[in-house]
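A predicted structure for the sequence below; I have some questions about it.
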Amino acid sequence: MTLAHMTQKTAAVERILAVAEPLFLAASYADVTMDQIARKAGFTKGGLYHHFPSKEALYLAMMQTDLAEKQTLFTAMAQSGGDCRSRLRCLTQAFFELPDPKRQLISLVRRNSNALGDAARARLISAYQQALPNQILSIIKSGIRTGEIQTVDARLLAWSFVALVETAISAHGDRVLEESGKKLDFVLDLFFRGACGPKDSGLGQAATTSTAANSGSAVTAPTAYTGTGVFPEWQDQDLAGLLLACRDLVEDGDFPTVQRWRDGGGRVLGHFQVYFPEEIAHAAGLLPFKLRGAPVEPDHADSRFGSYLCSILKTSLELVLSDRVELDMFVTHPICDAARNLAAVWERNSEHPCQILYLPQNANSADSARYLRNEYARLLEVVQQVAGTTITDDDLRGSIELFNRNRTLIRELYQIKRETPWLLNAEDAYCLVSVGGMVPREEHNALLETVLPMIREQADSNQEDRVRVVFEGGFCEQPPLDLIRMVGRSCYVVDDDFLIGLRWILEDVPSTGDPLHQLAQAYLEKSSYSPVQHDLRKPKEKMLKERISVARADAAIITAAKMCEPGLEEQVCYTRSLDEDGIGYFVSEFEENMTSFDHLGLQIETFMENLMYQ
């Protein structure tokens, strides 16, 4: 295509989208037709379909284009200088000063989202969140850190602020607050001072505190973290409510439990996949946070990595660059070339210390345990400096016993998956384990101790005649939760390697003797397998077939993250070995940000039907 043709095509698309905006503003999504848009834009209907295959695609392009423009504008406002209130004022003023049609377009996100398919709706909501709520969220988080805003859930505050803005531009808001300046004062005053009158002593005191914070006066520091409570949403729930709370947390790309820990005065050690001895961080009083990427666009991190690298590297760094997560220390591992270089890239773009944990390259060496014990000791020294404390052997032993309990509970959860998979679907099982990487282990243990009996007490009436499969390929980058959900609807996932680092050690670690040596021994001698550990005693093809046999699985789903060299290389070995034993398998790739699963779902359903017929 020549430059002239490209220019003409761009101009045609811009004209179509400009014509579509007032039509969708004036009528419901269902009432706007492609015929109308074509006539208004001066195209034939066929010409319009040449540029957009459907009304949904056109509508999504229109909204994404508009939201991208708003994101550029609002990001500049959010990154402007000044305190929290002045930055919120700049951002909100920029929004209010938009032309009325452009300002009203944002209301279509909520108005028409249910008319779209799941994939389009997810992309639209993601674009909206990046354009407005996430910019407000970054300002509010900054205000909490500086003491301008009291320590409460930043995400709730951000959505409350958005609601105030939407109220101000409603039809009633336009009648009562005719000028943009009045709208601006209404939103900011109500947000920062509340609706209380001077005689309301309780709320009045809160308003006074907020005003004092804005004027630079001293504020009360957050209370010390008590060890529980960063994830209260699961408590006092029935089984359905508890599982829903876990799903919501896992799908929340802002990781609110990490911020709550920080708000309580705690420090955070983020560690990259696959395995990390979290007992060391816990013994120092740090929250070990398992970085596994996130369903976010790597807007900042994309420029730090090549396009040929896996997504998890970019989205993990994006969490820090976009202020979604604040760390006090970061640890990665040389599990592949990209991960080996991650520490250097991370350190250049952050202020906290970054370390590489060099796990043994030759797990069969007689000196591997001694080497790893000394490597753990080296890392422990850095952790002590970050935490400002001394870690004793007794501290480590206490953490080992706590994590032993956690591993026992996760093994019980997987026993339910293997023995009665109809009691716990694949996505809920995944979320129950995944939460462990985002909350203190004490709280995760309490959650599992509560939910496991509730799962077992369910009736067996949901049992169906389904194919039993093992899912292999989630050892590092994690499949989208929607993909796990889709697979779970077609079969019973009776075992997997999701987040294998959280259950890498298969038996209790002894809490006697030298705790660092015991952790090193357990990593080498009492552990699972993955494509990133090379141990001649654990041939991965054999280990996979053992997993299939123990779980009494009928087949395997062999996946790998796109651009993941270790995972893609093992696919060849796995499939060859399964062919030798006549075990059925389905091979695929995934990416954490993929949103369309229709074609893949049809393929998996066909695979399952073939197995059933056989």
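Happy to help now that I have it.

what residue ranges in the protein score low on pLDDT?
1-8, 171, 196-228 (pLDDT under 70).

Repeat the analysis, applying 50 as the threshold.
For the chain, residues meeting the criterion pLDDT under 50 lie at 1-3, 198-228.

tell me, what residue is most central in it?
The structure's the chain has its C-alpha centroid closest to Ala294; by Cα atoms, centre = their mean the separation is 3.3 Å.

Near Asp153, how many other residues are there?
16 (other Cβ atoms under 10 Å). Glycine gets a C-beta too; all of them are placed from N, C-alpha and C.

Tell me who's in contact with the residue nearest to it when sequence neighbours are not counted.
Leaving aside its sequence neighbours, Asp153 sits nearest to Pro256 (Cβ to Cβ, 6 or more residues apart in numbering; 6.2 Å). The contact partners of Pro256, by Cβ atoms under 8 Å, 6 or more residues apart in numbering, come to Asp153, Ala154, Arg155, Leu249.

Could you dump these into JSON lines and include distance to Ala283 and secondary structure?
Shown next, in JSON lines, are the contacts of Pro256 (distance: Cβ to Cβ, whole Å; DSSP: H, G, I helix; E, B strand; the rest coil):
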{"residue": "Asp153", "distance to Ala283": "28", "secondary structure": "coil"}
{"residue": "Ala154", "distance to Ala283": "29", "secondary structure": "helix"}
{"residue": "Arg155", "distance to Ala283": "30", "secondary structure": "helix"}
{"residue": "Leu249", "distance to Ala283": "25", "secondary structure": "helix"}
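
Just name the closest of those to Ala26, please.
The nearest member of these to Ala26, counting by Cβ to Cβ, is Arg155 at 33.4 Å.

Now that that closest one has come up, it's in contact with Asp254, right?
Yes. Assessed by Cβ atoms under 8 Å, Arg155 is found in contact with Asp254 at 5.7 Å.

Please say which of the two ends up with more neighbours.
Asp254 (23 against 18).

What distance do you get for the more buried one to Arg110?
According to Cβ to Cβ, to the nearest Å, Asp254 stands 20 Å off from Arg110.

Then Val162?
Relative to Arg110, Val162 is positioned 11 Å away (Cβ to Cβ).

Can you get me a residue count around Val152?
When neighbours are counted by other Cβ under 10 Å, Val152 registers 13.

mind pulling up the phi and psi values for it?
Torsion angles at Val152 (phi, psi; degrees, to the nearest 10) stand at phi -140, psi -180.

quick one: contacts for it?
Contacts for Val152 (Cβ under 8 Å, 6+ apart) come out as Ile144, Asp263.

mind listing the strands for this structure?
Using DSSP state E, the strands found in the chain span residues 268-272, 287-291, 329-332, 354-356, 468-472, 492-496, 555-561, 584-590.

so what's the closest residue in space to Ala520 that isn't next to it in sequence up against?
Residue nearest to Ala520 in three dimensions, not counting chain neighbours: Leu372, with 3.9 Å by Cβ to Cβ, 6+ apart. Shown in contact with Leu372 (Cβ under 8 Å, 6+ apart): Leu359, Pro360, Ala520, Tyr523, Leu524.

Now for the contacts of Pro256: which two are most distant?
With distances taken as Cβ to Cβ, the most widely separated pair in those is Ala154 and Leu249, at 15.0 Å.

The two: who's more crowded?
The residue with more neighbours, out of Ala154 and Leu249, is Ala154; 24 against 19, by other Cβ under 10 Å.

surely that one meets Ile139?
No. Between Ala154 and Ile139 there is no contact, the gap being 9.5 Å when judged by Cβ under 8 Å.

quick one on the thing from earlier: which one of the contacts of Leu372 has the most neighbours?
Of the contacts of Leu372, with other Cβ under 10 Å as the count, Ala520 tops at 25 neighbours.

In this structure that one contacts Ala377, no?
No. Using Cβ under 8 Å as the test, Ala520 is too far from Ala377 to be in contact (9.7 Å).

quick one on the thing from earlier: who has more neighbours out of Val162 and Arg110?
Between Val162 and Arg110, Val162 has the larger neighbour count (other Cβ under 10 Å), namely 17 against 11.

do you know how far that one is from Leu88?
The gap separating Val162 from Leu88 is 11 Å, by Cβ to Cβ.

shared neighbours, those two?
Ile136.

picking up where we left off before, okay, and the common contacts of Ala520 and Ala377?
Common contact partners of Ala520 and Ala377 (Cβ under 8 Å, 6+ apart): none.

Can you check what angle separates whichever helix in the chain runs longest from strand 468-472?
When the chain is parsed with DSSP state H, its longest helix is helix 393-419. Using axes from the mean of the first three to the mean of the last three Cα atoms, to 10 degrees, one finds that helix 393-419 and strand 468-472 are set 140 degrees apart in direction.

Just checking the distance from helix 393-419 to the centre of its chain.
Offset of helix 393-419 from its chain centre (Cα atoms, centre = their mean, to the nearest Å): 24 Å.

What residues sit buried inside that helix?
Of the residues in helix 393-419, those buried by neighbour count under the rule 16 or more other Cβ atoms under 10 Å are 395-400, 402-407, 409-410, 413-414, 417-418.

related to what we said a few turns ago, please flag which of the contacts of Leu372 sit within helices.
Here DSSP H is the test, and these give Ala520, Tyr523, Leu524 as lying in helices.

could those go into TSV alongside distance to Leu188?
Shown next, in TSV, are these (distance: Cβ to Cβ, whole Å):
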residue	distance to Leu188
Ala520	56
Tyr523	53
Leu524	58
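
Which one of these is nearest to Gln93?
Nearest to Gln93, judged by Cβ to Cβ, of the ones in helices among the contacts of Leu372 is Tyr523 at 55.2 Å.

if I read this right, the closest one contacts Glu507, doesn't it?
No. When contacts are counted by Cβ under 8 Å, Tyr523 is not listed as touching Glu507 (11.8 Å).

how is the protein carved up into domains?
As assigned by automatic domain parsing, the chain contains the domains 54-214, 248-613.

Look up how far Ile37 lies from Asn112.
Relative to Ile37, Asn112 is positioned 15 Å away (Cβ to Cβ).

and those two? which has more neighbours close in?
Ile37 (23 against 18).

Do a quick rundown of the helices in the stretch 201-350 of the chain.
For the stretch 201-350 of the chain, the helices defined by DSSP state H, counting those that start in this stretch occupy 201-214, 239-251, 256-263, 278-283, 311-321, 337-348.

Equivalent analysis for the stretch 1-150 of the chain, please.
Here the stretch 1-150 of the chain has its helices, by DSSP H, counting those that start in this stretch, at 3-26, 34-41, 45-51, 55-78, 84-96, 100-105, 108-112, 118-131, 133-146.

Distance to His352 for those helices - can I get that in CSV?
Putting those into CSV (distance: least, Cβ to Cβ, whole Å) gives the following:
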stretch, distance to His352
helix 3-26, 43
helix 34-41, 51
helix 45-51, 47
helix 55-78, 22
helix 84-96, 23
helix 100-105, 39
helix 108-112, 35
helix 118-131, 25
helix 133-146, 14
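
Kindly state which of these is positioned closest to Ile604.
Closest of the helices of the stretch 1-150 of the chain to Ile604 is helix 118-131, at 16.8 Å (criterion: Cβ to Cβ).

what's the angle between that closest one and helix 55-78?
Angle of helix 118-131 versus helix 55-78, following the same axes, to 10 degrees, is 20 degrees.

Tell me the buried residues in helix 118-131?
Ala119, Ala120, Arg121, Ala122, Arg123, Leu124, Ser126, Ala127, Tyr128, Gln129, Gln130, Ala131.

and Val487, how many residues sit next to it?
Val487: 26 neighbours (other Cβ under 10 Å).

Next, the contact list for it, please.
Counted by Cβ under 8 Å, 6+ apart, Val487 has contacts Ala426, Val469, Phe471, Val493, Ile557, Ile604.

Likewise for Tyr529?
Applying Cβ under 8 Å, 6+ apart to Tyr529 gives the contacts Asp535, Lys538, Lys540, Met543.
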